[in-house]
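Novice: Could you work out the structure for the sequence below:
(chains A and B)
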Amino acid sequence: MDASVPQIDYTEYTNRQLVAVPIGVLAAAIVVLTVATALSGLPVTLGIEFTGGTEMQVVTGDSPAEIRDAFDTEIDSVTPIAGQADTYQLTFQADDADPLLERAESAGYEIESVGERSASFASDSQRQAIFGLAVAFGGMAALVALLFRTFIPSIAVIASAFSDLVIPLALMRLFDIELTLGTVAALLMLVGYSVDSDLLLNNHVLRRHGDFYTSTARAMRTGVTMTTTSIAAMVVMTLVSYTLGIPLLPDVGLILVFGLLADLMNTYLLNVSLLRYYKYEGIAK
Amino acid sequence: MKLRIKKHWRIWLLVGFLLISTVAVFAPLGGSGGILGSADDAGQASGSQYTNLQFGLELSGGTQVRAPFVGMTVSGLEISPGDERAIESTLQDELGLSASEVRASAESGTVEVFDDGVVGNTTQAEFADALSAAGYSTTTEDVRMGVTRDTRDNAEDVLNERLTERGLGGGSATQVSAPGQQFMVVEVPGANRTEVIDLIGDRGQVEIWAMYPSQNGTYETESLLDQGDLAEVGGARQERGETFVPIRLSEEAGASFGEAMRANGFDQQSGTRCQYDLNASIEANAADDPGRCLLTVLDGEVVFAAGIAPSLSSSFASGAFDEDPSYRTTTTSFEEARELEINMRAGALRTNLDIENRGTTFFLLPSLAEQFKPLSLVTGAAAVLAVSLMIFLRYRRAEVAAPMLLTAGAEVYLLLGFAAAVSLPLDLSHIAGFIAVIGTGVDDLVIIADEIMQQGDVSTSRVFESRFRKAFWVIGAAAATTIVAMSPLAVLSLGDLQGFAIVTIIGVLIGVLITRPAYGDILRILVLGEDD
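Specialist: Model prediction:
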């Protein structure tokens, strides 16, 4: 036996104490999202895939200010691309790329990529993405309820999965990461990932003989290994792909890191205390 | 330690699938075209040089256009075949549309107009009113945006034909359905944006019009032919400074064409002289007494005008043309002749794609995309290394960790085999999916390993089986939730997300059905020490 997975002595803390941390973090996340909605009308910033507009990656010796001058249309953002010198990602609200392309060409910029999305198409995508997330979450919740067929253990899994989604969303707002198709994919992957460790914990506690604390400790040994392994993979993926200037992968990786960290907390504080309540008080009554 | 087929069938199954994967990925299967078309155009093919893997736009570069069709449809009508024309002409009058913008089909019971509130100026309410005026009581709610399946299928064929004719065989046009809307997605590796939009942006309706003075001296134009009347289209040619497309009309069209020529004075001995100015409008030309002309019209625009050579006019007069109805459609440049030829062969789209208002386009420089291939491989490898490091740190036993990593690797290899077998074009979203698969794969193997090894030694095969089954409950449940979570995305048309969802689902299935059971067997051999 090695000690690379830390053990927590749960007997020292009451359920209230354990739940306080994840509930507090979740509440803070919800506050962030609410304030953001009040200020800007949306909980998270939407990428052009969901708002419509034009995105262009150009190579030029010009400075960002000179790039802004080169276009007669207003540029939403000029972002240098990591790992590639003199390369910038330009975002425009305008969803007609042709005049923008002409401008860029006449300014002598090399155009590496252009994406153009009309506003109506984008709002369709937005609707579909929300629908997809809702169906995915609903389906997961229904399946979990079906697997355990008891209220508290099911709710414990669903609540921590919910929190695993909301916390990264709030962090996206704070770090100013846009909601794109890639990040939606990452959020969905979180639905799958986060449920793994919760299922493992519930399975160990509910379906096995033996003491609650022993079962929890065993589930934790396995679960924490799983989650930290995934976190390590995602941290590396984020760093490497960011340095190499590959699009999409850094966003996916970062969101997953956020979500998996949230999952560690939610599984071993929120879910554990709900299960302990169920095991010692819920069943007795 | 022997691997008996019966006892260790799970391992043999994995080995079998690995071999199949190897064949799918590496065996030269007659070109790398896969289902996306032949790889005749080496420069355009999106396949890889060494493997059968296909790469999507994000990894090969090129242009993608997604757009819906312009049009509205009312379906579920009872139309008798004889009434199609009547409905069409009523709608034309009521809505002020041309004949080609209205289509009634008795077979499918649908009426569609190729115009809508976004691109043209026909609203759903106006369409409903006009159809009611034609005797089919319709409300605004019955009018659906979009066109019929038949029209979309036809457009898919036409666009693919155009891509092939243009030598963009690696490109493809496919229909994608989203709730309430149908899109056409056109992907052309290696091509730039303007090239693709030019190729697919127009209906490509080729017509031959006759322009002639009528009895009272004013000029009249009449549409005589379109693509449907052609029996054969030759290759665009350049001979003695003249560029043209040789065509041959169908028998029926030939006869009526000859008839129209004779009726309007195109059959005079000396041929006809034509002084049509391509830079001026049809009306201006008509007022300027241009002489008898045949006009080549592309999407309503006159692209060429010419008189009739004496040899042709005499064959009109003698009726020889009606017997052998072939002639040359002349153009001003070879480029134009090619365009005309492509349109004549591919046929016309019944309606336009609305790229500007409701579509999206994406272009990525092929040279940049080429870089992403090795770079994303590096990223994947780095992620795998990180996972390996964590696993070794946790178990500190190479005989547990090594098979774990090999098994997770096998999972990705099987996925690649699957991708090659079905010619799934790989994009960055798939790469993210692969990395996710490694992640969940290793997670599940950790569950199996911990379950089997935690409570002291595994002495008998029965203890092993029971522990393995317990571990599998969690894995199965986790796999089921992942599949449930991903399945809506695999169906919705959200571009990137679809590929990601498909890869994740297939990866989970491969994991649960093939690789993880095999890992269990490997572990059994290692833990029990012998194959009892």
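Novice: Can you tell me the element residue A:171 falls in?
Specialist: Using DSSP states H and E, residue A:171 falls within helix A:151-175.
Novice: Tell me the first helix or strand C-terminal of that helix.
Specialist: Taking DSSP H and E, what comes next after helix A:151-175 is helix A:181-207.
Novice: Next secondary structure after that following helix?
Specialist: Downstream of helix A:181-207, the first helix or strand assigned by DSSP H and E is helix A:212-244.
Novice: OK, contacts around the spatially most central residue of chain A?
Specialist: Centroid-nearest residue in chain A: residue A:255, 3.7 Å away (criterion: Cα atoms, centre = their mean). Going by Cβ atoms under 8 Å, 6 or more residues apart in numbering or on different chains, residue A:255 touches A:168, A:172, A:177, A:183, A:186-187, A:190. Quick note: C-beta positions are derived from backbone N, CA and C, even for glycine.
Novice: list the contacts for the closest residue to residue B:409 other than its chain neighbours?
Specialist: With sequence-adjacent residues excluded and distances taken as Cβ to Cβ, 6 or more residues apart in numbering or on different chains, residue B:409 is closest to residue B:384, at 7.3 Å. The neighbours of residue B:384, taking Cβ under 8 Å, 6+ apart as the test, are A:233, B:405, B:408-409, B:438.
Novice: For these, pick the one with the most neighbours.
Specialist: residue A:233 (29 neighbours; other Cβ atoms under 10 Å in any protein chain shown).
Novice: Test my guess that it contacts residue B:439.
Specialist: Yes: under the criterion of Cβ atoms under 8 Å, residue A:233 makes contact with residue B:439 at 5.4 Å.
Novice: How many residues are close by residue 257?
Specialist: Let's take chain A. For residue A:257, using other Cβ under 10 Å, the count is 21.
Novice: Oops, wrong one, chain B.
Specialist: 23.
Novice: Could you point out the helix or strand that follows whichever strand or helix holds residue B:475?
Specialist: In this assignment (DSSP H and E), residue B:475 forms part of helix B:461-491. Next along the chain after helix B:461-491, taking DSSP H and E as the criterion, comes helix B:496-510.
Novice: Quickly check: that next one near chain A or not.
Specialist: Yes: interface with chain A: helix B:496-510 contributes B:496-497, B:500-501, B:504 (Cβ under 8 Å from any Cβ of the partner chain).
Novice: How about the residues of the stretch 151-285 of chain A by chain B?
Specialist: A:181-182, A:184-186, A:188-189, A:191-193, A:195-196, A:199-200, A:203, A:207-208, A:218, A:221-222, A:225-226, A:228-230, A:232-237, A:240-241, A:244-249, A:252.
Novice: Wasn't residue B:174 part of a strand?
Specialist: Yes: membership of residue B:174 in a strand is supported by DSSP: H, G, I helix; E, B strand; the rest coil.
Novice: Pull up the per-residue confidence for it.
Specialist: Note on residue B:174: pLDDT of 86.
Novice: how big is the angle separating the helix holding residue B:475 from helix A:212-244?
Specialist: 50 degrees (axes from the mean of the first three to the mean of the last three Cα atoms, to 10 degrees).
Novice: burial of residue 224, as a residue count?
Specialist: Unless you meant another one, I'm taking chain A. Neighbour tally, residue A:224, other Cβ under 10 Å: 21.
Novice: To clarify, I was referring to chain B.
Specialist: Neighbour tally, residue B:224, other Cβ under 10 Å: 20.
Novice: thought residue B:508 was touching residue B:437?
Specialist: Yes: at 7.5 Å, residue B:508 counts as touching residue B:437 under the criterion of Cβ under 8 Å.
Novice: between those two, who's got more neighbours?
Specialist: Per other Cβ under 10 Å, whichever of residue B:508 and residue B:437 has more neighbours is residue B:508, with 25 against 22.
Novice: what residues are up against that one?
Specialist: With the criterion set at Cβ under 8 Å, 6+ apart, residue B:508 makes contact with B:437, B:440, B:479, B:482-483.
Novice: Roughly how far does it sit from residue B:436?
Specialist: 10 Å (Cβ to Cβ, to the nearest Å).
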